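Colleague: Sequence and predicted structure, then a few things I'm wondering about:
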Amino acid sequence: MRFDLALFGLRLFKSRSQATLAIQDGAALLNDELVKPGHRVRPGDRITLIGRAGRRTCEVLGLPQKQVAVDACQLEHGLSPLAAERLHAFVDYVRALPVAERRRLRAGMSRAVARGKAFGNLVRTRTHGWRG
């Protein structure tokens, strides 16, 4: 996958053009090197983002086949480390379930979200995002 597409697909930037500009300006590095936006990213590579908040490095464990949903990224980036760990454990648990069980769980979660009962007392509104 291209470096600019990977940055955008992982929702590290809001658009592909923003990712391209960051790469060209040296604010996004691949394996601590300046590369072109079209450079191929592979599992095991390190992505470094440099900004006002400092320097952040992450290792590429795998690349998505499709783009990651915006809501999922916003949710995960706003979690505490403990909550993120629990979320990843839950995702691993769900992935290990048989297909029929996953379908039943997905249908139940869809009904719960539609009724506003999912995620404890958090409710998603169109205008205000997540509210507790």
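Modeller: Nice, thanks for sending it over.

Colleague: Quick one: low-confidence residue ranges for this structure.
Modeller: Under the criterion of pLDDT under 70, the regions of the chain flagged as low confidence span 64-80, 109-132.

Colleague: Okay, domains of it per the record?
Modeller: When the chain is parsed into structural domains using automatic domain parsing, the resulting residue ranges are 3-59, 70-131.

Colleague: possible to save these as CSV with mean neighbour count?
Modeller: Placement of C-beta: from N, CA and C, glycine included. As requested, the domains of the chain are arranged in CSV below (neighbours: other C-beta atoms under 10 Å):
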stretch, mean neighbour count
domain 3-59, 15
domain 70-131, 11
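
Colleague: Can you dump the C-alpha atoms of stretch 51-68 in PDB for me?
Modeller: As requested, C-alpha coordinates have been extracted for stretch 51-68 and formatted as PDB (Å, rounded to 0.1, in the frame of the first residue of the first chain):
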ATOM      1  CA  GLY A  51       4.200  17.700  15.100                       C
ATOM      2  CA  ARG A  52       3.700  20.400  17.700                       C
ATOM      3  CA  ALA A  53       2.800  17.800  20.300                       C
ATOM      4  CA  GLY A  54       6.100  16.000  19.700                       C
ATOM      5  CA  ARG A  55       7.200  12.900  17.900                       C
ATOM      6  CA  ARG A  56       5.100   9.700  17.800                       C
ATOM      7  CA  THR A  57       6.300   6.400  16.300                       C
ATOM      8  CA  CYS A  58       4.200   3.300  15.600                       C
ATOM      9  CA  GLU A  59       5.000   0.000  14.000                       C
ATOM     10  CA  VAL A  60       2.900  -1.300  11.100                       C
ATOM     11  CA  LEU A  61       1.600  -4.700  12.200                       C
ATOM     12  CA  GLY A  62      -0.700  -5.100   9.300                       C
ATOM     13  CA  LEU A  63      -2.500  -3.000   6.700                       C
ATOM     14  CA  PRO A  64      -6.300  -2.800   6.300                       C
ATOM     15  CA  GLN A  65      -7.800  -4.200   3.100                       C
ATOM     16  CA  LYS A  66     -10.400  -1.400   3.200                       C
ATOM     17  CA  GLN A  67     -10.300   2.000   4.800                       C
ATOM     18  CA  VAL A  68     -10.900   2.100   8.500                       C
END
